[in-house]
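Novice: after the sequence you'll find the predicted model.
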Amino acid sequence: MPATVILEPADRCCWDEPVHITVHGLTPGQRVTLRASLRDEKGAHFRAHARYCADGGGELDLARAPALGGSFAGLEPMGLIWALEPEKPFWRFLKRDVQTPFAVELEVLEGHEPEPQRVLGRAVHERDFLRPGVRREPVRAGRVRATLFLPPGPGPFPGIIDIFGIGGGLLEYRATSLLAGKGFAVMALAYYNYEDLPKGIETLHLEYFEEAVNYLLNRPEVKGPGLGLLGISKGGDLCLSMASFLKGITAATIINGCVANIGGVLHYKDETLPPLSANRNRIKVTKDGVVDITDALNSPLEGPDQKSFIPVERAECTFLFLVGLDDHNWKSEFYANEASNRLQAHGKEKPQIICYPGAGHCIEPPYFPKCWASLHALVGSPVIWGGEPRAHAMAQVDAWKQLQAFFHKHLGGKEGKTPTKL
Ligand SMILES: CCCCCCCCCC(=O)SCCNC(=O)CCNC(=O)[C@H](O)C(C)(C)COP(=O)(O)OP(=O)(O)OC[C@H]1O[C@@H](n2cnc3c(N)ncnc32)[C@H](O)[C@@H]1OP(=O)(O)O
């Protein structure tokens with residue numbers, strides 16, 4: 001008898017939302033393997049599988065039945081999504097075109113063998129990045145190259161600028177997922193390696209970011225008086241520099257950022273922050289032959305590298321630091337603590353720091369599969385990012401809630417603190 005896969009919500013939902021998966025029409029206690037797969041926009045194939053047993057009524061409910069092994073084990077209703085792994089080595093899960101969904105194919109296969117045989121049931125779940133009603137507007141204003149996402153309705157909405165890290169380009173998936181139904185006007189901002197912006201990161205000017213802040217604050221749909229900033233990795237130190245040097249910033253969330261300027265020289269008016277230097281002799285190679293750069297950077301507390309320390313004490317905004325304790329890109333916890341020390345030494349408010357045990361560098365929106373290792377544009381070879389898959393997945397769900405609560409609280413909107421579950 002063929003099995004029926006029931007999805008709730010049926011057919012589609014947003015990427016950051018859970019889907020409830022049940023299978024009907026199995027025999028009591030039947031052993032089955034569930035397999036999920038999707039193909040990204042570059043054709044790379046991602047797969048996950050888990051072994052289950054149907055209950056006495058011949059039903060399998062992933063919210064109640066623990067996985068008995070496979071890509072993960074235990075009660076993990078969303079495991080088939082967050083445990084997706086690329087077939088291609090060193091490939092990172094990314095969404096480039098947020099206007100199209102990812103289609104996740106789910107198959108129910110007979111038995112628990114490593115290569116299961118007969119397909120008993122099948123369903124496709126489309127996972128969207130752009131909710132109905134959300135407006136996507138490319139921004140080409142002065143020098144600013146960005147994409148603005150506006151919630152339905154006239155607003156005004158709290159405004160956020162979203163900045164990614166080394167690699168450049170313009171990634172929109174976090175801005176749009178964050179925006180979707182959550183009431184923020186979010187502008188994903190490119191700053192290099194995109195259209196007519198500089199190709200490299202060697203020299204950046206904060207005046208570019210200032211232009212972006214002023215642009216967003218002047219939009220009639222955006223509620224002032226200040227903006228939120230969200231940055232990961234190199235995007236994190238850029239947010240710290242923006243908050244320290246520029247006006248109009250109310251709240252900043254830094255995901256695994258550095259308290260020093262990274263990668264290239266940063267200019268603002270007559271001030272310059274040199275990049276934190278590194279010692280390539282401290283780069284390690286793991287037993288799998290992949291590069292680990294955790295120890296490569298010098299300390300921003302010592303010698304000439306102190307000049308790269310961002311003067312966070314000048315910032316007038318509130319900070320939230322989200323830290324993966326298994327970050328293998330760099331020492332995110334140390335940097336967050338040093339930012340906190342510097343702020344407090346100057347009589348500023350102690351920032352909120354949330355540390356996630358077992359989470360790596362790339363803390364993405366919920367259910368993004370963890371990338372084990374991928375090309376690092378500055379290093380020129382694949383590097384490991386860190387993170388234990390389950391802990392990393394749990395951290396992503398919590399971090400997502402925390403940063404939204406933080407922005408709602410400080411930019412106006414729903415008040416409230418989300419207690420961390422970890
Ligand atoms: C000693 C040094 C110490 C240095 C410390 C440095 C600290 C740096 C702090 C950071 O910022 S860490 C990086 C965090 N960055 C991000 O989270 C941004 C995410 N961006 C990326 O991962 C890449 O930039 C991206 C994969 C999006 C590249 O996008 P592109 O649009 O430029 O890709 P394109 O299609 O032009 O391909 C460029 C290269 O990327 C590769 N690529 C593309 N998509 C990929 C994918 N999905 N996964 C892995 N690799 C990918 C592609 O194969 C190709 O490799 P090759 O140059 O070897 O041919």
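Specialist: Perfect, I can see it now. Residues are numbered from 1 along each chain as shown.
Novice: so residue 5 bridges to which residues?
Specialist: residue 23 (DSSP bridges).
Novice: pLDDT score for it?
Specialist: Note for residue 5: predicted pLDDT of 98.
Novice: that one contacts residue 120, correct?
Specialist: No - with contact defined as C-beta atoms under 8 Å, residue 5 does not count as touching residue 120 (9.3 Å). The C-beta positions use only the backbone N, C-alpha and C, and glycine is treated the same way.
Novice: now do the shared contacts for these two.
Specialist: Counting by C-beta atoms under 8 Å, 6 or more residues apart in numbering, the residues touching both residue 5 and residue 120 are residue 108.
Novice: strands of the stretch 101-250 of the chain, start to end?
Specialist: For the stretch 101-250 of the chain, the strands defined by DSSP state E, counting those that start in this stretch cover 102-110, 119-128, 135-141, 144-150, 157-163, 185-189, 203-205, 222-232, 249-255.
Novice: check the stretch 301-422 of the chain too.
Specialist: Using DSSP E, counting those that start in this stretch, strands in the stretch 301-422 of the chain cover 318-324, 352-356, 373-376, 381-384.
Novice: can you add mean neighbour count and distance to the ligand and give those back as CSV?
Specialist: Formatted as CSV, those follow (neighbours: other C-beta atoms under 10 Å; distance: least, C-beta to the nearest ligand atom, whole Å):
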stretch, mean neighbour count, distance to the ligand
strand 318-324, 26, 12
strand 352-356, 19, 17
strand 373-376, 18, 4
strand 381-384, 20, 8
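Novice: mind checking which of those is nearest residue 190?
Specialist: Smallest distance to residue 190 across the strands of the stretch 301-422 of the chain (C-beta to C-beta): 18.8 Å, for strand 373-376.
Novice: ok, that closest one: who's next to it in the sheet?
Specialist: Counting by DSSP bridges, strand 373-376 is paired with strand 381-384 (antiparallel).
Novice: outside of the partner strand, which residues touch it?
Specialist: By C-beta under 8 Å, 6+ apart, strand 381-384 touches 89-90, 286, 290-293, 328-329, 372-376.
Novice: switch to 10 Å and redo it
Specialist: Residues from elsewhere that reach strand 381-384, judged by C-beta atoms under 10 Å, 6 or more residues apart in numbering: 89-92, 283-286, 288-294, 296, 326, 328-329, 360-361, 371-376.
Novice: filter these down to the buried ones, ChimeraX style.
Specialist: Applying 16 or more other C-beta atoms under 10 Å to the contacts of strand 381-384 leaves a buried subset, and the ChimeraX line that selects it is:
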select :91,92,283,290,291,292,293,294,296,326,328,329,360,361,371,372,373,374,376
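Novice: which of the strands of the stretch 101-250 of the chain sits closest to residue 243?
Specialist: Judged by C-beta to C-beta, the one of these that comes nearest to residue 243 is strand 249-255, at 4.7 Å.
Novice: next one: the closest one to chain centre, how far?
Specialist: The chain centroid and the centroid of strand 249-255 are separated by 15 Å under C-alpha atoms, centre = their mean, to the nearest Å.
Novice: same question for it, mean pLDDT?
Specialist: 98.
Novice: other SSEs contacting it?
Specialist: In terms of contacts (3 or more C-beta pairs under 10 Å, 6 or more residues apart in numbering; DSSP states H and E), strand 249-255 is packed against strand 157-163, strand 222-232, helix 234-245, strand 318-324, helix 332-345, strand 352-356, helix 389-411.
Novice: spell out which parts of the chain neighbour the ligand.
Specialist: Residues of the chain lying near the ligand by C-beta under 6 Å from any ligand atom: 42, 90-92, 94, 164-167, 169, 232-234, 262, 278, 280, 293, 296-297, 329-330, 362, 374-375, 377-379.
Novice: of those, buried ones?
Specialist: 91-92, 94, 164-167, 169, 232-234, 262, 278, 293, 296-297, 329-330, 362, 374, 378-379.
Novice: where in the stretch 101-250 of the chain is pLDDT low?
Specialist: For the stretch 101-250 of the chain, the stretches with pLDDT under 70 are 116.
Novice: now with 90, please.
Specialist: For the stretch 101-250 of the chain, residues meeting the criterion pLDDT under 90 lie at 113-117, 131-132, 154, 176-181.
Novice: now the one residue in the chain that gets nearest to the ligand: closest residue in space that isn't a chain neighbour?
Specialist: The nearest approach of the chain to the ligand comes at residue 167, 2.0 Å away (C-beta to the nearest ligand atom). Leaving aside its chain neighbours, residue 167 sits nearest to residue 377 (4.7 Å; criterion: C-beta to C-beta, 6 or more residues apart in numbering).
Novice: list the contacts for the residue nearest to residue 362 when sequence neighbours are not counted?
Specialist: Nearest residue to residue 362 in three dimensions, chain neighbours excluded: residue 385, at 5.0 Å (C-beta to C-beta, 6+ apart). By C-beta under 10 Å, 6+ apart, the contact set of residue 385 is 92, 233, 256, 292, 324, 326-329, 360-363, 370-374, 376, 392.
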